[in-house]
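**Q** Predicted model, plus sequence, below.
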Amino acid sequence: MWTLAQIADLVGGVVKGDDTFQVDSVGTLQDAKTNQLSFLANTKYKKYLAATRAGAVLVSEQSLADVPNHAIVVADPYVAYAKAASLLNPVKQHQTGIHASASVSPDSHVHSSVSIGAQAVIGSAVELAENVIIGPGCVVQSGVKIGSDTRLTANVTLCDSVQIGKRVLIHPGVVIGADGFGIANDQGKWIKVPQLGSVRVGNDVEIGANTTIDRGALEDTVIGNGVKLDNQIQIGHNVIIGENTVIAGSAGVAGSTRIGKNCVIGGAVILAGHLEIADGVHLTGGTAVSKSITESGAYSSGMTAEPSQQWRRNIVRYRQLDKLVDRVKQLESKNK
Amino acid sequence: MWTLAQIADLVGGVVKGDDTFQVDSVGTLQDAKTNQLSFLANTKYKKYLAATRAGAVLVSEQSLADVPNHAIVVADPYVAYAKAASLLNPVKQHQTGIHASASVSPDSHVHSSVSIGAQAVIGSAVELAENVIIGPGCVVQSGVKIGSDTRLTANVTLCDSVQIGKRVLIHPGVVIGADGFGIANDQGKWIKVPQLGSVRVGNDVEIGANTTIDRGALEDTVIGNGVKLDNQIQIGHNVIIGENTVIAGSAGVAGSTRIGKNCVIGGAVILAGHLEIADGVHLTGGTAVSKSITESGAYSSGMTAEPSQQWRRNIVRYRQLDKLVDRVKQLESKNK
Amino acid sequence: MWTLAQIADLVGGVVKGDDTFQVDSVGTLQDAKTNQLSFLANTKYKKYLAATRAGAVLVSEQSLADVPNHAIVVADPYVAYAKAASLLNPVKQHQTGIHASASVSPDSHVHSSVSIGAQAVIGSAVELAENVIIGPGCVVQSGVKIGSDTRLTANVTLCDSVQIGKRVLIHPGVVIGADGFGIANDQGKWIKVPQLGSVRVGNDVEIGANTTIDRGALEDTVIGNGVKLDNQIQIGHNVIIGENTVIAGSAGVAGSTRIGKNCVIGGAVILAGHLEIADGVHLTGGTAVSKSITESGAYSSGMTAEPSQQWRRNIVRYRQLDKLVDRVKQLESKNK
């Protein structure tokens, strides 16, 4: 249980109502009960505010009048909610120690505060710092170094020599440090180009389920501090992603592309290889990028759904566009 | 061995020929032998019918004349084939019991008929109902509940508190219940929004290899009864998928989108977040959906392959479309 | 340490300088040291050649003049680099034998030279030939056959009866032989079509992290010799991929499509099902293919990123294309 005063203090807000009132969890405006804290971040949900049974609501100044119970007024209710929800739902404590079924190489360096789950594998010369949590089924191969307070949830694979920073959260099925796609055509047959670089992941990074990040060919693939990657993203070898850039699910970044800081990259975006993307670029979902982008701002590509019949007609028109331009030219010459 | 009479009974068909004739397996029209049952569902393969050596063939009334051996006449040969093939190829019996190398939490509830494979991990307070099969290498985390006759084939990860229905089939590499992609921008740095919901998967669902389904932010992500998901699909947090909807491989559904019942969603389709898709919507492969769809029917988007040279020319024309419209306007004003 | 003479011999080149000079590793032109071999394959990097401190450089004849130290002149510096880098970075020797924590079925056939890692699972009747390496956490199910010198790095899943050739390299998270997406609509409910085929992977194949290859419905899915697949690729049931074809990351191939030999398929390409793609077809990244391609050559589709504001305007114009054609028609009739 936390008082509204304590929460307001954490989120930098002001209590309107009883600041000794206590809440123990969070809920939506529609479903929260008296013992819960809710929030209004999206005006779409404002209609639920007046009737909410939440004991307290995080709101911005302009919505305060409609709060039926206690309120905490904040500049950004969503950020305040994220902080309050983290306070009210602390990450579960993991039992320190190595599960009996785990396989830990005798020459690894495992801090005494580390937790290693069932069936996990820790290879030779691995270094695990304070409070690292290795979930069940994870494979951490030789020479990997993991910074303090980092957690691999389950069935994560870290290949040889990968380096992971502090406070990183890696979800199941992630593979970091598999060979980049390096092949050379030797008279019709493809031969392998050894992938001799590694992967360096910074601090405060989150990596979603089944995302893959390949090791570099000669130099390293680098994921900057504060980067957040969603699920099923493919990051090619030698990609460099700048600090605080976020990428949504199913996106793909081909080899050697450099993405700047503070970019927001939508779901299913694809970036060709060897590009430079400036800081602060925003790519909307589904965009395909084939050239470097040198200025911050929003970029897009792609068509969106229309009835299939109409789509078929438009595609035909598109294919005839060249001829249409010719017809317009001819008309123009007649109308000179 | 099954007689044609038995099979006809199962599939609701009528035997033309010897109904005591026996078959023991299925095969294609081109390759089947006398002891095998074949089928004609796609007219593309009709050319192989007259010469087939299959002992019997599942056909519709109109193709009966061309069957050289015995036939079973049915309304829908593909559905009949699916049923007959299941009869002739029963799912392999799994040995009941827990493999010696598996790690099963002592406070889990495992029915005596359950099979748990090598190196699997069953967490605290997990409930496994009758005839559940947990394949090798699977990780089932704390509080997960799995209904009867459900099978996790191998290396599947179910995160804390996920609920799975009855007769569900989950293929390798699937991750259910990893954190949704919830982040809030706190003065330039992204902070985590705790993902407090779970995932509920209904009955008779199939989930393809390496598909990921994230847990909800506050409420649950929900996969309805009879939903069939192919491989490498990404389902964001708080998505709701209605009964009997099918989604083909490599598709992605962003957070909070609701998909209706009986939808057919093609491969590599992407759906933006917070959309409503009506029942009975058909999206052709590769379609990008950025707005809600309120009526059933077929929808599409996207261009399809053309020779690269021509593609480059058309893209240029497309980029000049605005100017072309201006030129037409000018011509029109001259021709008033 | 290798002499330049030895390396020149391996790569079919001619030493210019001291052919007894020795190198022990490779490096980029910018970073290599005296003990290292570098290469110039891409003219983009030519600017670094004159100042490189690399002890020797692999170059083509026309760049020889700018090499400050020793050189090996070759026809294709990238291919030569691939070979030299492999020589200087031999694949790490794996300890022969079965890790104590692995679970190996007593009726499997494991050659004495095989290495099986921690927590791996080898099922019934599996056959592992000479020098096979099964990495930690891999699950190899019943009846799988793996040819000599093949390596599964970690957490790979091979389902029942899959066949893998010689010298194949399979990266973490790969799933081969999961059920194809076979369903039939039985009066509104989808029923499963048993997937009775298998997967056959040829020799000298490489398969990237988290790629999935489904088993066939009745016949096998086939991956030809020398095929190279990048990460997160989805290959549907009954797909056939011809020899020496390469596919980049995040691509998807729907069921029953046949791809010819020596094709180069870019990242995020999607191919519809039941197509035939000729030998020697090149598909640029992001292309969607909905019809068979009968002639070799380069094909493309799709739009690429533009500023979002402009993109919104162009989309509107595109949707009005039909009307624009009508307007041009009207002008033409006035101008006859």
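**A** Done, it's in.
**Q** right, quick check: the helix or strand hosting residue A:10 against chain B, any contact?
**A** Assigned by DSSP states H and E, residue A:10 falls within helix A:4-11. No: residues of helix A:4-11 are not located near chain B by C-beta under 8 Å from any C-beta of the partner chain, the shortest gap being 10.0 Å. All C-beta atoms are positioned from the backbone trio N, CA, C, and that covers glycine.
**Q** ok, and what's touching that helix?
**A** Around helix A:4-11, the neighbours that count as contacts under C-beta atoms under 8 Å, 6 or more residues apart in numbering or on different chains are A:13-15, A:17-23, A:37, A:56, A:58, A:70, A:72, A:74, A:79-80, A:83-84, A:87.
**Q** 10 Å instead?
**A** A:2-3, A:13-23, A:37, A:39, A:55-56, A:58, A:70-77, A:79-84, A:86-88 (C-beta atoms under 10 Å, 6 or more residues apart in numbering or on different chains).
**Q** who's in contact with residue A:298?
**A** Neighbour list for residue A:298: A:264, A:280-284, A:287, C:305, C:307-309, C:311 [criterion: C-beta under 10 Å, 6+ apart].
**Q** picking that back up, how far off centre is the helix holding residue A:10?
**A** Centroid separation for helix A:4-11 versus its chain: 28 Å, with C-alpha atoms, centre = their mean, to the nearest Å.
**Q** Return the set of buried residues in that helix.
**A** By neighbour count with 16 or more other C-beta atoms under 10 Å in any protein chain shown, helix A:4-11 contains the buried residues A:4, A:6-8, A:11.
**Q** what's around residue A:203, how many residues?
**A** 18 (other C-beta atoms under 10 Å in any protein chain shown).
**Q** Pretty sure it sits against residue A:224.
**A** Yes: if you go by C-beta atoms under 10 Å, residue A:203 and residue A:224 touch, sitting 9.3 Å apart.
**Q** which residues are in contact with both of these two?
**A** What both residue A:203 and residue A:224 touch, as defined by C-beta under 10 Å, 6+ apart, is the set A:165, A:243.
**Q** before we move on, the earlier item: return the subset of the contacts of helix A:4-11 lying in strands.
**A** By the criterion of DSSP state E, membership of those in strands covers A:2-3, A:14-16, A:22-23, A:37, A:39, A:56, A:58, A:70-73.
**Q** Going by distance to chain B, which of those residues wins?
**A** Of all those, chain B sits closest to residue A:39, with 9.9 Å by C-beta to the nearest C-beta.
**Q** Could you check how many residues crowd around the closest one?
**A** Residue A:39, neighbours per other C-beta under 10 Å, totals 29.
**Q** Could you do the one 5 residues further on as well?
**A** The number of residues packed around residue A:44, counting by other C-beta under 10 Å, is 9.
**Q** what does the stretch 51-200 of chain A put close to chain B?
**A** A:75-92, A:99-102, A:117-120, A:135-138, A:153-156, A:169, A:171-174 (C-beta under 10 Å from any C-beta of the partner chain).
**Q** filter the residues you listed to the buried ones?
**A** A:76-88, A:99, A:101-102, A:117-120, A:135-138, A:153-156, A:169, A:171-174.
**Q** Residue ranges in the stretch 201-336 of chain A under the pLDDT threshold?
**A** Judged by pLDDT under 70, the stretch 201-336 of chain A has no weakly predicted residues.
**Q** ah, wrong one, I meant the stretch 1-150 of chain A
**A** Checking the stretch 1-150 of chain A against pLDDT under 70 turns up nothing.
**Q** where exactly do the helices run in it?
**A** A:4-11, A:77-88 (DSSP state H, counting those that start in this stretch).
**Q** show me what contacts residue A:199?
**A** A:144, A:158-159, A:161-164, A:176-178, A:180, A:213-216, A:220-223, A:235, A:237, A:239.
**Q** same thing but 7 Å
**A** A:162, A:176-177, A:213, A:215, A:220-221 (C-beta atoms under 7 Å, 6 or more residues apart in numbering or on different chains).
**Q** Could you do residue A:183 as well?
**A** A:190-193, C:228, C:246.
**Q** Closest one to residue B:129 out of the residues you listed, please.
**A** Using C-beta to C-beta, residue C:228 comes nearest to residue B:129 of those, at 43.7 Å.
**Q** So what's the residue count around that closest one?
**A** 22.
**Q** in terms of contact, does it touch residue C:243 like I think?
**A** No: using C-beta atoms under 7 Å, residue C:228 is not in contact with residue C:243, being 11.0 Å away.
**Q** Can you give me the domain assignment for chain A?
**A** What automatic domain parsing lists as the domains of chain A is A:2-88, A:97-299, A:308-336.
**Q** Pick the most buried one from these.
**A** domain A:97-299 (a mean of 23; mean count of other C-beta atoms under 10 Å in any protein chain shown).
**Q** Straight-line length of it, end to end?
**A** Domain A:97-299 has its terminal residues 48 Å apart, counting by C-alpha to C-alpha, to the nearest Å.
**Q** Same question for stretch A:30-37.
**A** 12 Å.
**Q** how far out from the middle of the chain is it?
**A** Worked out by C-alpha atoms, centre = their mean, stretch A:30-37 lies 29 Å from the chain centre.
**Q** Just checking that stretch against chain B, any contact.
**A** No: using C-beta under 7 Å from any C-beta of the partner chain, we find that stretch A:30-37 stays clear of chain B, coming within 7.6 Å at best.
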